[in-house]
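A.B. asks: Fold the stuff below for me.
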Amino acid sequence: MSIQFKELLDAAGTQDEPQRLLFLFAQIEKQDSKKHKQRQHGSVVPLMCVDKLPAELTDFSGLAAEADQVSAGWDFVLAAGLSGTGGQPPSTDDAEPHLNKMANDLMMGADLSRYVIFDRQGNPVSMQAN
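C.D. replies: Below you'll find the model as predicted:
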């Protein structure tokens, strides 16, 4: 499924319960392969994460610029939504275990299809475990 960042924001605003958006920024760790000099091998590893209310975001470039202020070394961002209850959005504390799960899923090579993934330019990306 390919979704644009604006669609993600719009979808978060139309849910029955208020949402908190979860973002895990990841980078490519390249591994030197002396056997395969023509092919590069590596893995995608977690770098940093943040949670935001949809109202705190206007577009992808704003999120990317904020991330670059912390670390410009990211290559991808995984995104997910977390629903609130009783008309209240989840808190940052509520988001923490879900951000940890996102990081663990990435590190363990789990199925990432539950996340929307964007490259640095905001283009949707599809990742599969190898």
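
A.B. asks: And for V77, the neighbour number?
C.D. replies: V77 is flanked by 26 other residues according to other CB atoms under 10 Å. The way it works is simple: take the backbone N, C-alpha and C, and place the C-beta from them, glycine included.

A.B. asks: which parts of the helix or strand where N100 lies are buried?
C.D. replies: Using DSSP states H and E, N100 falls within helix 92-108. Of all the residues in helix 92-108, those buried under the rule 16 or more other CB atoms under 10 Å are 94-95, 98-99, 102-103, 105-106.

A.B. asks: repeat for stretch 77-86
C.D. replies: For stretch 77-86, the buried set under the neighbour-count rule, 16+ other CB under 10 Å, comprises 77-82, 84.

A.B. asks: So which of those residues belong to strands?
C.D. replies: Filtering those for membership in strands, criterion DSSP state E, returns 77-82.

A.B. asks: Report the two of those separated the most.
C.D. replies: Across these, the longest distance by CB to CB is 15.7 Å; it joins V77 and L82.

A.B. asks: contacting residues around the most centrally placed residue in the chain?
C.D. replies: Of all residues in the chain, the one closest to the mean position by CA atoms, centre = their mean is L78, 1.7 Å from it. With contacts taken as CB atoms under 8 Å, 6 or more residues apart in numbering, L78 has the following neighbours: 23-24, 26, 102, 106, 112, 115-117.

A.B. asks: sorry, back to before: got the buried residues of helix 92-108 as JSON lines, with pLDDT and distance to Q69 columns?
C.D. replies: JSON lines is the format used below for these (pLDDT from 0 to 100; distance: CB to CB, whole Å):
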{"residue": "D94", "pLDDT": "97", "distance to Q69": "25"}
{"residue": "A95", "pLDDT": "98", "distance to Q69": "20"}
{"residue": "H98", "pLDDT": "98", "distance to Q69": "23"}
{"residue": "L99", "pLDDT": "98", "distance to Q69": "19"}
{"residue": "M102", "pLDDT": "97", "distance to Q69": "21"}
{"residue": "A103", "pLDDT": "97", "distance to Q69": "20"}
{"residue": "D105", "pLDDT": "94", "distance to Q69": "26"}
{"residue": "L106", "pLDDT": "94", "distance to Q69": "22"}
